[in-house]
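**Q** Okay, here's the prediction I keep looking at, along with the sequence it came from:
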Amino acid sequence: MKIYSYNLNGIRAAMKKGLIDWVKNENPDILCVQETKAQEDQIDSKSFEELGYSTYWHSAKKKGYSGVGIITKPQPENVVKGVGNPFYDDEGRVVRADYGEVTLINVYHPSGTSGQERQDFKMQWLEFFLNWVEELRKERPYLIITGDLNIAHKEIDIHDPIGNAKNSGFLPEERAWVDKFLSHGYVDTFRLFHTERQRYSWWTYRFKAREKNKGWRIDYFFVTENLVEKVRDADILENVVHSDHCPIMLDIDI
DNA sequence: ATGGTCGATAGTCGA
């Protein structure tokens, strides 16, 4: 089963840039997307349905903001939008789908780049999310958690660790949260297969960052430790361009 | 990088 995750930075803009052709050629079993920046009725679901997918969207209340979706060929037995708390769910950040004993969670974690208030919200969210996912795990112990974490974990995951040491997305407390999250028994699947440097999933549109590969690895596939033996491959598809992020992939035997 | 780039919106804001 090949599962992809892709922060689209606007699904309508991404589709204008040929997203559907890429999906058709790549043929993912499941595609998790973040930052759709659209209400459900603004999204061209039909183009995915024509390729054999079902779509499940969780949009933000605010138009043009945030929003996630799961685009899937295998039919999940159960889909849940949000985390059951309107304070967070109004921002359209989580959609979950259950496939047999495995639960797939697609998350667009908040960015903190627009000011201290949003940085505080991000840290609050991260604490909430870890508690929420740990509760869910008691009933659903086999978890795949993917999406845009908006945090580069280690120095290897960012082009300029020194220069970004005080920037949101690479703050010590954010990186410490990732350590804490992993210590609960989650695995960063990309690093099971790739130890090399300069593998990134997001580049700012400014400063010609992408052509210079001045990027950050902020998109992840985590799995619970009990699924590690099922993981066949994990990768980053840097050459795919419909967004300021690129897609990431997990191949897992489920 | 005291401005630079995008997407979605019609507030300029958020990333």
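**A** Yes, it's here.
**Q** From residue A:122, how far off is the spatially closest residue to residue A:127 that is not a sequence neighbour?
**A** Leaving aside its sequence neighbours, residue A:127 sits nearest to residue A:177 (C-beta to C-beta, 6 or more residues apart in numbering; 7.9 Å). C-betas here are computed from N, CA, C, even on glycine. As for residue A:177, its distance to residue A:122 is 10 Å (criterion: C-beta to C-beta, to the nearest Å).
**Q** what do you get for residue A:226?
**A** Following C-beta to C-beta, the distance that separates residue A:226 from residue A:122 is 29 Å.
**Q** When the two are compared, which one has more neighbours?
**A** It is residue A:122, of residue A:226 and residue A:122, that has more neighbours when counted by other C-beta atoms under 10 Å, with 22 against 13.
**Q** which residues touch the particular helix or strand that has residue A:23 in it?
**A** Assigned by DSSP states H and E, residue A:23 falls within helix A:19-26. The contact list for helix A:19-26 (C-beta atoms under 8 Å, 6 or more residues apart in numbering) reads A:4, A:8, A:11, A:31, A:47-48, A:51, A:71, A:240, A:242.
**Q** any chance of those in JSON lines, plus neighbour count, secondary structure and pLDDT?
**A** As requested, the contacts of helix A:19-26 are arranged in JSON lines below (neighbours: other C-beta atoms under 10 Å; DSSP: H, G, I helix; E, B strand; the rest coil; pLDDT from 0 to 100):
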{"residue": "A:4", "neighbour count": "24", "secondary structure": "strand", "pLDDT": "98"}
{"residue": "A:8", "neighbour count": "26", "secondary structure": "coil", "pLDDT": "98"}
{"residue": "A:11", "neighbour count": "24", "secondary structure": "helix", "pLDDT": "98"}
{"residue": "A:31", "neighbour count": "25", "secondary structure": "strand", "pLDDT": "98"}
{"residue": "A:47", "neighbour count": "15", "secondary structure": "helix", "pLDDT": "98"}
{"residue": "A:48", "neighbour count": "21", "secondary structure": "helix", "pLDDT": "98"}
{"residue": "A:51", "neighbour count": "12", "secondary structure": "coil", "pLDDT": "98"}
{"residue": "A:71", "neighbour count": "23", "secondary structure": "strand", "pLDDT": "98"}
{"residue": "A:240", "neighbour count": "16", "secondary structure": "coil", "pLDDT": "98"}
{"residue": "A:242", "neighbour count": "21", "secondary structure": "coil", "pLDDT": "98"}
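**Q** Look at residue A:138 and give its secondary structure.
**A** Per DSSP: H, G, I helix; E, B strand; the rest coil, the secondary structure class of residue A:138 is helix.
**Q** got the contact list for it?
**A** Residue A:138 makes contact with no residue, according to C-beta under 8 Å, 6+ apart.
**Q** part of a strand, is residue A:95?
**A** Yes. If the criterion is three-state DSSP, then residue A:95 is within a strand.
**Q** pretty sure it is touching residue A:66, no?
**A** No. Here residue A:95 does not reach residue A:66: they are 11.8 Å apart, not a contact under C-beta atoms under 8 Å.
**Q** Pick out whichever of those two has more residues nearby.
**A** The residue with more neighbours, out of residue A:95 and residue A:66, is residue A:95; 25 against 21, by other C-beta under 10 Å.
**Q** Identify the nearest residue to the more buried one in space, disregarding sequence-adjacent positions?
**A** Nearest one to residue A:95, counting by C-beta to C-beta, 6+ apart, is residue A:58 at 4.5 Å.
**Q** Pretty sure the one you found sits against residue A:79.
**A** No. Contact criterion C-beta under 8 Å: residue A:58 and residue A:79 do not qualify, at 9.4 Å.
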